[in-house]
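Participant: Give me a 3D structure for the following:
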Amino acid sequence: MKFRKMHGLGNDFVILDFRTKSEPLSPGQIKHICDRNFGVGCDLLTVLEPSDNADVYARFYNADGSESDACGNATRCVADIVMREHNADTCTLETGRGVLPCTRAENNMVTVDMGAPMNVEELTLSEGVAHAPISVNMGNPHCVFFVDNLVDIPVEEIGPLVENNPIFPNKTNVEFVEILSDTKMRQKTWERGVGVTLACGSGACAVATAGLHSGRTKRKVEIELDGGTIFIERQESDGHLMMTGPVAYVFEGELLN
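Facilitator: Reported below is the predicted structural model:
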């Protein structure tokens, strides 16, 4: 079973191509592939499948074996693969979030139309030094906390508490955000089923949504992640979030039984 290893801002993926030949994957196999000591190692496994509605269907699995409907960084990586295959500057990807148009951007970056947020809700949840978050559904759930100083936030302590809080029936991703200006933020992410990650594309979309919703930021923002910088613009016409960021190829290999 051949695979590609890619990453978007350090958020890394093993990508399997099942467009011509599919193979069943159990949660145990997914966890083994994602394991950094006994497998290839990645934050998330991505499987390419045929689609009747787009160039390809991208299916995402968290490192704990659970499935996710959305992953912004992995979507950019898949889009780059498809555009290179077709020698094109555009493509469409079908995900659990729907069909997402993608375009080639400058400086080895890819732009994905991530669609409009499905739900935005202010919560009264309080966990230690983080409180009053904003819940944003980007096809996968996010809980965004705005804090005064990210250095003071014990992400690895608060993250799993929020992820597994009973108010989130399917668990949640958790973002901690420091406002640097009305066009720039700093973000740390606890990813559902994974843990701390260097970047989260759908999380950045949720952060941009929460910033605009709360009046903290403008429609077009730059978000600093531990793995680099991502750019999000929420269109005034339809509320869609345009996510732009880099992709990188790491290596290719073959999984052995």
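
Participant: Distance check, E67 against A204.
Facilitator: Distance, E67 to A204, using C-beta to C-beta, to the nearest Å: 21 Å. To be clear about C-beta, it is placed using only N, CA and C from the backbone, and glycine gets the same treatment.

Participant: ah, wrong one, I meant A116
Facilitator: For A116, the distance to A204 - C-beta to C-beta - is 15 Å.

Participant: what do you get for E236?
Facilitator: With C-beta to C-beta as the criterion, E236 and A204 are 19 Å apart.

Participant: tell me how far the helix or strand where R76 lies is from the chain's mean position?
Facilitator: If you go by DSSP states H and E, R76 is part of helix 72-86. Centroid displacement of helix 72-86 relative to its chain, using C-alpha atoms, centre = their mean, to the nearest Å, is 14 Å.

Participant: Quick check: buried residues in that helix?
Facilitator: Across helix 72-86, burial judged by 16 or more other C-beta atoms under 10 Å covers G72, N73, A74, T75, R76, C77, V78, A79, D80, I81, V82, M83.

Participant: end to end, how far does stretch 13-33 reach?
Facilitator: End-to-end span of stretch 13-33 (C-alpha to C-alpha, to the nearest Å): 10 Å.

Participant: go on, stretch 24-43?
Facilitator: Criterion C-alpha to C-alpha; first-to-last residue distance in stretch 24-43 is 20 Å.

Participant: Only the buried residues of that stretch, if you could.
Facilitator: Judged by neighbour count (16+ other C-beta under 10 Å), stretch 24-43 contains these buried residues: L25, Q29, I30, K31, I33, C34, G39, V40, C42, D43.

Participant: out of those residues, which are inside helices?
Facilitator: Judged by DSSP state H, helices contain the following of the buried residues of stretch 24-43: Q29, I30, K31, I33, C34.

Participant: Could you report the pLDDT at the nearest residue in space to the last one that is not next to it in sequence?
Facilitator: The one in question is C34. Nearest residue to C34 in three dimensions, chain neighbours excluded: A63, at 4.0 Å (C-beta to C-beta, 6 or more residues apart in numbering). In this model, A63 is scored at 94, pLDDT.

Participant: Distance-wise, check A63 relative to G96.
Facilitator: 17 Å.

Participant: Over to L25?
Facilitator: With C-beta to C-beta as the criterion, L25 and G96 are 16 Å apart.

Participant: How is the chain partitioned into domains?
Facilitator: 2-114+245-254, 119-244 (automatic domain parsing).

Participant: circling back: mind checking which of A116 and A204 has more residues around it?
Facilitator: Per other C-beta atoms under 10 Å, whichever of A116 and A204 has more neighbours is A204, with 33 against 15.

Participant: Tell me if the more buried one really is in a strand.
Facilitator: No - using DSSP: H, G, I helix; E, B strand; the rest coil, the assignment for A204 is helix, not a strand.

Participant: Thought T229 was touching it, still the case?
Facilitator: No - between A204 and T229 there is no contact under C-beta atoms under 8 Å: 9.7 Å.

Participant: In the sheet, which residues pair with L48? Tell me.
Facilitator: Beta-bridge pairing of L48, defined through DSSP bridges, involves D17, A58.

Participant: To what extent is it buried, counted in neighbours?
Facilitator: Using other C-beta under 10 Å, the number of residues around L48 comes to 21.

Participant: returning to what we had before: just the buried residues of stretch 24-43 now: which is nearest L150?
Facilitator: Compare each of the buried residues of stretch 24-43 with L150 using C-beta to C-beta and the shortest gap goes to D43, at 20.0 Å.

Participant: show me the contacts for the closest residue to M1 other than its chain neighbours.
Facilitator: Nearest residue to M1, sequence neighbours excluded (C-beta to C-beta, 6+ apart): L255, at 4.2 Å. Shown in contact with L255 (C-beta atoms under 8 Å, 6 or more residues apart in numbering): M1, K2, F3, I33, V40.

Participant: Quick check, the third one in contact with F251.
Facilitator: No - here F3 lies out of contact with F251, judged by C-beta under 8 Å, at a distance of 9.3 Å.

Participant: Looking at those two, which is more packed in?
Facilitator: Each of F3 and F251 has its neighbours counted (other C-beta under 10 Å); F3 has more, 20 against 9.
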